[in-house]
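Novice: Requesting a structural model of the entry that follows:
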Amino acid sequence: RSRSRSRSKSILKASLDVSTLTTLSTASLDTLTFLSASQSAVDPWSISKSSIDQLAGNFFALSLIPYLAFLYYLGREKAECPPQALFGFKFLLVFVFATIPAGIAAKVVYHDILANVDVLHGAAESMLTLTNLFIVEGFRRYMVEQKREMESSGPKSSMEKRKGNKKKSAAMAAAQEA
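Specialist: Numbers count the residues shown, from 1 in each chain. Presented below is the predicted three-dimensional model:
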C-alpha cells in the first residue's frame, strides 16, 4: 500500500509538473503571438514614415518629366494651343513651386502640414485658381475668335491666319531691307 501511495503521489506530482509546464508554455506562446501580431499590425510592410516621405518626393520629381514633355508638345504649332491657355498650363509650374516653400514654412513655423495652415494653404491654392482662369480664358477667347472667323470668312483656322501673318511680316521685313 505504501508503494502504491508513493507511486500515486509521484504520478500526481509528475502530472502537476507537466500541466504547469504546459500552461506556462501556452501562456508564453500567447504572449509571443500577441507581441508579433501587434508589431505587424503597426507596420505591415515595414515602411516607415520617412521612407514614405522620400517616395513622395521622388514621385513628385518624376512627375515633372511628363508634364514638361506635355508643355513642350502643347507649345508646338501643330497643337494649335491658344497662347493664353498655354501660358496657363505653364503657370501651373508656379503653383507647384510655390507650394514647396509654403509647405516648408508650415512645418517650420506652425509645426503642421500645409493643408492645416489656412493662410499658407489659401495663398498656394490661389495660384492654382489663377492657373485655371488663364487656361479657361485662353480657350474661351480662342473659341470666340473661331466663331467670328467662321461667320465672316469661312472655316479658316486662326493658326493658318497666324502663319499667313508671319509670312506677310517676313516678306515686309525683307522688302524694307532691300
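Novice: hey, let's count contacts and neighbours off CA atoms from now on
Specialist: Noted.
Novice: Identify the residues contacting Lys78.
Specialist: Going by C-alpha atoms under 8 Å, 6 or more residues apart in numbering, Lys78 touches no other residue.
Novice: can you offset everything so residue one is 897?
Specialist: Sounds good: first residue 897 from here, last item Lys974.
Novice: So it versus Tyr968, what's the distance?
Specialist: 11 Å (C-alpha to C-alpha, to the nearest Å).
Novice: low pLDDT regions in this protein?
Specialist: Low-confidence segments of the chain, defined by pLDDT under 70: 897-942, 1050-1074.
Novice: can you give me the helices in it?
Specialist: Secondary structure of the chain (DSSP state H): helices at 898-938, 945-970, 979-1006, 1014-1048, 1054-1073.
Novice: Would you mind listing the buried residues in the fourth one?
Specialist: Going back to what we said before, that points to helix 1014-1048. 1016-1017, 1020, 1023-1024, 1027-1028, 1030-1031, 1034-1035, 1038, 1042, 1045 (16 or more other C-alpha atoms under 10 Å).
Novice: Which one of those is nearest to Lys986?
Specialist: Thr1027 (8.3 Å; C-alpha to C-alpha).
Novice: So what's the residue count around the closest residue to the closest one other than its chain neighbours?
Specialist: Counting by C-alpha to C-alpha, 6 or more residues apart in numbering, Gly984 is the residue found nearest to Thr1027 once chain neighbours are left out, at 5.0 Å. For Gly984, the count of nearby residues is 22 (other C-alpha atoms under 10 Å).
Novice: still on that earlier bit, want to throw the buried residues of helix 1014-1048 into a markdown table with distance to Ile996?
Specialist: Putting those into a markdown table (distance: C-alpha to C-alpha, whole Å) gives the following:
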| residue | distance to Ile996 |
| --- | --- |
| Leu1016 | 11 |
| His1017 | 11 |
| Ala1020 | 9 |
| Met1023 | 13 |
| Leu1024 | 14 |
| Thr1027 | 17 |
| Asn1028 | 19 |
| Phe1030 | 22 |
| Ile1031 | 23 |
| Gly1034 | 27 |
| Phe1035 | 29 |
| Tyr1038 | 33 |
| Gln1042 | 39 |
| Glu1045 | 43 |
